[in-house]
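**Q** Sequence and predicted structure below; questions after.
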Amino acid sequence: MTIQIFNSLSRQKEPFVPLEEGKVKIYVCGPTVYNFIHIGNARPVIVYDTVRRYFQYKGYDVKYVSNFTDVDDKIIKAANEMGEEVSELTERFINAYFEDITALGCKKADVHPRVTNHMDDIIEFISVLIEKDYAYESQGDVYYRTRKFDGYGKLSHQSIDDLKVGARIEAGEKKDDPLDFALWKAAKPGEIHWSSPWGEGRPGWHIECSVMAREHLGDTIDIHAGGQDLTFPHHENEIAQSEAYTGKTFARYWMHNGYINIDNEKMSKSLGNFVLVHDIRQQLDPQVLRFFMLSVHYRHPINFAQDLVESAKSGLERLRTAYSNVQHRLTTTTDLLDNGDEWTQKIAEVKKQFEDAMDDDFNTANGISALFELARIANTYLNESNTEERVLKAFIETFDQLGEVLGIQFKVENHILDDEIEALIEERNNARKNRDFAKSDEIRDKLLAMNIVLEDTRQGTRWKRGL
RNA sequence: GGCGGCUUAGCCAAGUGGUAAGGCACGGGUCUGCAACACCCUUAUCACCGGUUCAAAUCCGGUAGCCGCCUCCA
């Protein structure tokens, strides 16, 4: 089935038809690297990583580009405060970014372009806009002539005249029109700067994405994505820049994810409720965080709160338990059952259910419910006294495949039996045979104190580490 | 002022015309030496009012509350 994508341009779901058959070109607006990322920054990374994984699952050849904005006002300010060079600061936080997103199960993009590596391209791009009279120089700055671009407002569905009401007019205005925005900013004394035809300076905020998207993906890309708040002005301005430059459609599908609130409040500096990924992953399995985020549709807001995360954790635990229970049976299976087709059929249905959910604008919430269904079926199957190896393997394979799409692993690592535990389990089983339950329970408690949870089954005792 | 979103069981969350998925928590049952895991059962008419329709949580109009964007912002 065709994937349906909610396109912010049309405000409705549209069947996804790639520009080039079998290929998808995706550009996701990346972070401005002046601090560790917070969980709000993490949401788009997780969401679009999942989008990308699903395209790959469907057999698409995906080229995924996500930038680093490594020079801007906030970075300069932070570098000054820290007393370090801009490049040192950004390097630090780029490394931290990779650590964070890797922990969250996100793959690196195919390309992570940086603004500072594209200065020539940016300057060339701006020069062309000036030539075409879409931009003008003013006292060392360069501004985009917003009113000249006919489609302005088509993404955010604002009419240009309504925007004017809200536009700020700052003191010492160098713009012809308040709606115009900066492509190039003249450097203030002591600021990091690059040479350009308009003097020493640095790029404005929006130009880098237009330039780097084109540089790495071409004039027209399939999907451009980012947080909801980037719709205006950032993405609107990107469209204006790129389409003025190329005369072609910039991005065919625009995807925007919703916000994250903390305990029902917006994250803000004044409230001091920023949750950094770097911090939270010390206390919380990052897979749980990812699972939690994917349990809500990407366009809806998420409320981040302790009890909600706990409940997501219990859910993920259930899936993992089902997985390891199948694995356990795989070590003892007797291959006597002869009705495997009935079960592989059920597995196929779950897979279909999952794909239908994901085809529908990447509805991961429903995709996850398909996984719970898979777990239920698997557990029911395990209640059979005899099982077939191929069916058990089909369960494992399906868990792995669908988990791969979501970036969630159900397989729990660290499952090596250590000798001491093994010996204790054996001792306990001997005690149970002798109906010495006092001793048996004592050993179980002892193991529990070591965070080892025992489960007795007809196929023997299995164990797992508590979470 | 302009544009947009949200309101579904105790909590979370799908569902955008045909009579409410799933998860967490709770209760009951089965399994177990006990437990754990698991399975089964039980739990809502969808903020409110009105309209359209054979049929609405789903469409239209209105009311209330909450929220976002309108050049810092994922």
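**A** Perfect, thanks for sending it. Residues are numbered from 1 along each chain as shown, chains lettered A, B, ... in the order given.
**Q** mind listing what A:Gln228 touches?
**A** Counting by C-beta atoms under 8 Å, 6 or more residues apart in numbering, A:Gln228 touches A:His256, A:Asn257, A:Gly258, A:Tyr259, A:Arg299. Placement of C-beta: from N, CA and C, glycine included.
**Q** Which positions in stretch A:73-84 come out as buried?
**A** Neighbour-count burial for stretch A:73-84, counted by 16 or more other C-beta atoms under 10 Å, picks out A:Ile75, A:Ile76, A:Ala78, A:Ala79.
**Q** separation between the third one and RNA strand B?
**A** Distance of A:Ala78 to RNA strand B, computed by C-beta to the nearest atom of the strand, to the nearest Å: 12 Å.
**Q** residue contacts, that residue?
**A** Listed by C-beta under 8 Å, 6+ apart, the contact partners of A:Ala78 are A:Tyr34, A:Asn35, A:Leu89.
**Q** Tell me if I'm right that the second one and A:Ile94 touch.
**A** To tie it back to what came earlier, the one meant is A:Asn35. No - at 11.7 Å, A:Asn35 does not count as touching A:Ile94 under the criterion of C-beta atoms under 8 Å.
**Q** Which residue comes closest to whichever residue of the stretch 1-150 of chain A sits closest to RNA strand B once chain neighbours are left out?
**A** Closest to RNA strand B within the stretch 1-150 of chain A is A:Gly40: 2.7 Å, counting by C-beta to the nearest atom of the strand. Among residues not flanking A:Gly40 along the chain, A:Ile260 sits closest, at 4.6 Å (C-beta to C-beta, 6 or more residues apart in numbering).
**Q** Just the closest residue of chain A to RNA strand B, please.
**A** Counting by C-beta to the nearest atom of the strand, chain A gets nearest to RNA strand B through A:Gly227 (1.5 Å).
**Q** Provide a list of residues in contact with A:Leu155.
**A** Counting by C-beta under 8 Å, 6+ apart, A:Leu155 touches A:Ser8, A:Leu9, A:Thr231, A:Phe232, A:His235, A:Glu236, A:Ile239, A:Trp254.
**Q** that older thread, the residue nearest to A:Gly40 is in contact with A:Ile39, isn't it?
**A** Yes - with contact defined as C-beta under 8 Å, A:Ile260 reaches A:Ile39; the gap is 5.6 Å.
**Q** More neighbours: the two, which one.
**A** Between A:Ile260 and A:Ile39, counted using other C-beta atoms under 10 Å, the more crowded position is A:Ile39 (24 against 21).
**Q** For that one, which residues are in contact?
**A** A:Ile260, A:Val275, A:Leu276, A:Val277, A:Ile280, A:Leu289, A:Phe304.
**Q** Among these, which ones lie close to RNA strand B?
**A** Among the contacts of A:Ile39, the residues lying close to RNA strand B (C-beta under 7 Å from any atom of the strand) are A:Ile260.
**Q** Please produce JSON lines containing the contacts of A:Ile39, extended by pLDDT and secondary structure.
**A** What follows is the contacts of A:Ile39, written out as JSON lines (pLDDT from 0 to 100; DSSP: H, G, I helix; E, B strand; the rest coil):
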{"residue": "A:Ile260", "pLDDT": "92", "secondary structure": "strand"}
{"residue": "A:Val275", "pLDDT": "92", "secondary structure": "coil"}
{"residue": "A:Leu276", "pLDDT": "93", "secondary structure": "strand"}
{"residue": "A:Val277", "pLDDT": "95", "secondary structure": "helix"}
{"residue": "A:Ile280", "pLDDT": "93", "secondary structure": "helix"}
{"residue": "A:Leu289", "pLDDT": "96", "secondary structure": "helix"}
{"residue": "A:Phe304", "pLDDT": "94", "secondary structure": "strand"}
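**Q** Tell me the one among the contacts of A:Ile39 nearest to A:Leu406.
**A** Among these, A:Leu289 lies closest to A:Leu406 (C-beta to C-beta), at 12.7 Å.
**Q** sorry, back to before: spell out which helix or strand contains the residue of the stretch 1-150 of chain A closest to RNA strand B, please.
**A** helix A:39-57 (DSSP states H and E).
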